[in-house]
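In: Got a predicted structure here, sequence first:
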2 protein chains.
Amino acid sequence: MTQPTRRRRVLPTTEELRVWRGFIETAEALRAELGARLQAESGLSPGDYAVLLALTEADGQRLRSSQLADDIGWERSRLSHHLGRMEKRGLLRREECRTDNRGAEVVLTPEGDAAFRAATVPHLTAVRELFVDALTPHQLAAAGEVAAALRANLG
Amino acid sequence: MTQPTRRRRVLPTTEELRVWRGFIETAEALRAELGARLQAESGLSPGDYAVLLALTEADGQRLRSSQLADDIGWERSRLSHHLGRMEKRGLLRREECRTDNRGAEVVLTPEGDAAFRAATVPHLTAVRELFVDALTPHQLAAAGEVAAALRANLG
DNA sequence: CTCCTTTGATTGACACGTCAATCATCCGCT
DNA sequence: AGCGGATGATTGACGTGTCAATCAAAGGAG
């Protein structure tokens, strides 16, 4: 006869859904709060920060556009749009590449360098306050494990 | 004398930053994958889904605009823009409110109802596959705890 | 009843993201 | 040399999100 549990594991239980929603909404709230603080403290968006970080660490503070995209895991189109906005604000410059006429090199300007320097410490402090300090060492380890398991499952 | 540990707890350690990045990037990847599957399977964005869910559960499948915004935790401006796009696609209709001439009522159309019905099971199945099934029961509980701790800390 | 503030909702401007199309250059192959 | 596909990068269209401005209707104080 048909068991009342025949659909077991097909759909999440109410409790599983509750955890799911809590997890994803919390992560989103965290991202938003970090972004808002970064913006307020330094005038940089999270995207700006990622770009400036990669450029700061690069040799000569310059990178080929596609290398930069790889470094921060963005699609080239997204990067191109973002670089346009950042260039307009004077945070970086785009130069033609001597070794490949198709290529573009992205160069950090002094303004971009200064903005990133000013942003770093407050940003890392916010990460500590909003994430690290909120968790016990045990919870922090668990968070790492959970993230690893989810990533492995994503393939 | 100045201790080498005088800055202890001011900035996160490398390991703490690694966990932080893993956590936030995994959550983002999860959100993106869920959204992509929802879009592919039903033609609905996560935003569409949230709006349709609230309307489906509402009395008479209709809600005041601001009540809808509260239900799903959106700013009214965001909702207004989104409703405009959904209305253009025939998923819902906006009517004037009889009891308050400023107000607007949002009404689910048959098309919107059908789209939501078609989306529900595949979406919940994806949540199970990408989140619930990726974690052991112990990890699932830990994820809930971690999210609760972070939320409490956000205030 | 007449102000005046509050409330419900929309709008416009702009930042951000994705997708598909475009375009020039590079490079391997004949 | 020259053809043709791969590569580097940009662009345009559009969905999405935030912020500030707008605007009409509602509602309380005098």
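Out: Thanks, I have it.
In: Nearest residue to the residue in chain A that DNA strand D sits nearest to in space, ignoring adjacent ones along the chain?
Out: Checking chain A residue by residue against DNA strand D with Cβ to the nearest atom of the strand singles out A:Ser66 as nearest, at 2.8 Å. To be clear about C-beta, it is placed using only N, CA and C from the backbone, and glycine gets the same treatment. Nearest in space to A:Ser66, with sequence neighbours left out and distances taken as Cβ to Cβ, 6 or more residues apart in numbering or on different chains, is A:Arg76 at 6.2 Å.
In: In chain A, spot the helix with the most residues.
Out: With secondary structure taken from DSSP state H, chain A has its longest helix at helix A:14-42.
In: relative to helix B:14-42, how tilted is that helix?
Out: Using axes from the mean of the first three to the mean of the last three Cα atoms, to 10 degrees, the inter-axis angle of helix A:14-42 relative to helix B:14-42 is 120 degrees.
In: Mind checking the pLDDT average for helix A:14-42?
Out: Looking at helix A:14-42 alone, the average pLDDT works out to 95.
In: for stretch A:83-96, same thing?
Out: When pLDDT is averaged along stretch A:83-96, the result is 97.
In: Are that stretch and DNA strand D in contact anywhere?
Out: Yes - using Cβ under 7 Å from any atom of the strand, stretch A:83-96 comes into contact with DNA strand D via A:Leu83, A:Gly84, A:Arg94.
In: quick one: buried residues of the strand or helix carrying the second one?
Out: If you go by DSSP states H and E, A:Gly84 is part of helix A:76-88. By neighbour count with 16 or more other Cβ atoms under 10 Å in any protein chain shown, helix A:76-88 contains the buried residues A:Leu79, A:His82, A:Leu83, A:Met86.
In: Surely A:Phe23 and B:Ala143 touch.
Out: Yes - with contacts counted by Cβ atoms under 8 Å, A:Phe23 reaches B:Ala143, the gap being 5.3 Å.
In: Compare those two (neighbour count), which wins?
Out: The residue with more neighbours, out of A:Phe23 and B:Ala143 and counting by other Cβ atoms under 10 Å in any protein chain shown, is B:Ala143; that gives 26 against 23.
In: any idea how far A:His123 is from chain B?
Out: Noted for A:His123: a distance of 10 Å to chain B, by Cβ to the nearest Cβ, to the nearest Å.
In: Which residue, other than its chain neighbours, is closest to that residue?
Out: For A:His123, the closest residue by Cβ to Cβ, 6+ apart turns out to be A:Leu38, at 5.4 Å.
In: since we're on that neighbour, how many residues are nearby?
Out: Using other Cβ under 10 Å, A:Leu38 has 19 other residues around it.
In: quick one: it and B:Val10, what's the gap?
Out: For A:Leu38, the distance to B:Val10 under the criterion Cβ to Cβ, to the nearest Å works out to 17 Å.
In: and if you look at A:Lys88?
Out: Separation of A:Lys88 from B:Val10 (Cβ to Cβ) stands at 35 Å.
In: cool, and A:Ala148?
Out: Distance of A:Ala148 to B:Val10, given as Cβ to Cβ: 27 Å.
In: Ok, A:Asp70 next?
Out: On the measure of Cβ to Cβ, A:Asp70 and B:Val10 end up 32 Å apart.
In: of the two, who's got more company?
Out: Neighbours around A:Asp70 and B:Val10, counted as other Cβ under 10 Å, are more numerous at A:Asp70. The numbers are 14 against 10.
In: That one - that's part of a helix, no?
Out: Yes - A:Asp70: assigned to a helix according to DSSP: H, G, I helix; E, B strand; the rest coil.
In: hang on, A:Val146 packs against B:Leu135?
Out: Yes - counting by Cβ under 8 Å, a contact exists between A:Val146 and B:Leu135, whose distance comes to 6.5 Å.
In: what's the overlap in contacts for the two?
Out: Listed as contacting both A:Val146 and B:Leu135 by Cβ atoms under 8 Å, 6 or more residues apart in numbering or on different chains are B:Ala143.
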